[in-house]
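1. My questions concern the predicted model and sequence given below.
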Amino acid sequence: MEQSQETQKQGKEQKIIEPEKRKGAEVIDLDQKRQEMRERKIQKEYAPIFEFRKKIYARDIAQNQAREVMLSNLETHNKIVLDDAINLIESEKLSPEDRVATIIAIIMHDSGKLSSDILSHHEKGIEYVDEMFGKMEKTEPEFEGIRLTDEIRQKIIWAIERHMNHPYLVGRNGGEKFPEPENSVDKVVFDADMLANIGFKNIGFRLASEDYLREDKQKAIESRTNSIEETFKNVMQDVVKLDGIVLSFSAKKVAKERIEDAKRIFDYLKENKIFKNILEKVSNISEKLEKDRKMEDSSVILTKNLLNEEISKAGMALGIDDKTLDKLKM
């Protein structure tokens, strides 16, 4: 009898808790839907900017086919930067004019990455923005009801120029810093770009570079590990610094949480020997591919896809939510 009463009591308690859980899930879904709606609105409102960037990428790849393997990673990065920027624009309470400048700078910040050295892609990006402004002279388009004044255009150029101080780029530049963020637009563009670099996107870029692969293979021989693990180590040594690099309180909070999740996934992949297994799998499949230029590209894409699958599995095992995982993957 006592057991029956206890069971009924537990049942009542469970009925009270479950609606709260459902309510929490609904709130998360609504937040996600709101974010998706905002992104769709931006895609529509800023369609000419997105279209110009798309044409620039296509033009650059036509001139250098070897860069095509970088495109999917770059598009993933661009999407995450925009997503983080939308949140930062709200938390930092930017004016309507600064919002427009920020969004255009975000869309164009890496427009020069497929046609220049990584240390000068901001300069190429500014060149492309000037080209875009020139094409707009006749139409004088408005974005969110705001015309692109000379002041807004200048802020867009400054933000692209001042987004470069990622630890890896500073290291490649001999320790010398690039121009630093000064105004609100600069800071949101910089923070959004740094947040988007927390995770494993740069592993995709590194896998696509023969020079980086050579470095990682040599390091693997010296460390008695494997090349993919060394690629992850190389990227992660900069990822863990980014919470100290971002500028705003909002960005620092996000950075700390995202870095912790990235570290947990990296440790999980190492402990479960995922890197070695993927190398063996890619090697076996690559032997069956026709030996031409495309084999190299196919190997990179295959490695990236297999790693993304394992990152997702690791995230699920560690209880990391899908939204965070999407921002960590390549």
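-> Ah, there it is. Numbering: from 1, shown residues only.

2. what's the pLDDT at Val69?
-> Per-residue pLDDT puts Val69 at 83.

3. actually Asn73, not the one I typed
-> Model confidence at Asn73, given as pLDDT, is 87.

4. Which positions in the host helix or strand of it come out as buried?
-> Per DSSP states H and E, Asn73 falls inside helix 71-91. For helix 71-91, burial by neighbour count (16 or more other CB atoms under 10 Å) applies to 71, 73-74, 76-78, 80-89. Backbone N, C-alpha and C define where each C-beta goes, glycine included.

5. what packs against it?
-> In terms of contacts (3 or more CB pairs under 8 Å, 6 or more residues apart in numbering; DSSP states H and E), helix 71-91 is packed against helix 2-45, helix 47-63, helix 96-108, helix 184-196, helix 201-207, helix 249-271, helix 293-318, helix 322-328.

6. which residues touch that helix?
-> 35, 38-39, 42, 57, 61, 99, 102-103, 106-107, 109-110, 113-114, 188-189, 191-193, 195-197, 201, 204-205, 208, 248, 250-251, 254, 301, 304, 326-327, 329-330 (CB atoms under 8 Å, 6 or more residues apart in numbering).

7. out of the residues you listed, which are buried?
-> Here, 16+ other CB under 10 Å leaves 38, 42, 57, 61, 99, 102-103, 106-107, 109-110, 113-114, 188-189, 191-193, 195-197, 201, 204-205, 208, 248, 250-251, 254, 301, 304, 327, 329-330 buried among the contacts of helix 71-91.

8. Compute the first-to-last residue distance for stretch 107-120.
-> 17 Å (CA to CA, to the nearest Å).

9. cool, and stretch 105-124?
-> Span of stretch 105-124 from end to end, CA to CA: 13 Å.

10. neighbouring contacts of it?
-> Stretch 105-124 is contacted by residues 46, 49-50, 53, 56-57, 60-61, 63-64, 67, 70-71, 74, 77-78, 81-82, 85, 125-129, 132, 155-156, 159-161, 163-164, 169, 172-173, 178, 185, 189, 192-193 when judged by CB under 8 Å, 6+ apart.

11. buried residues in it?
-> 105-115, 118, 121-122, 124.

12. wait, which of those is closest to Ser223?
-> Proximity of the buried residues of stretch 105-124 to Ser223 was ranked by CB to CB; the top entry is Ile118 with 24.9 Å.
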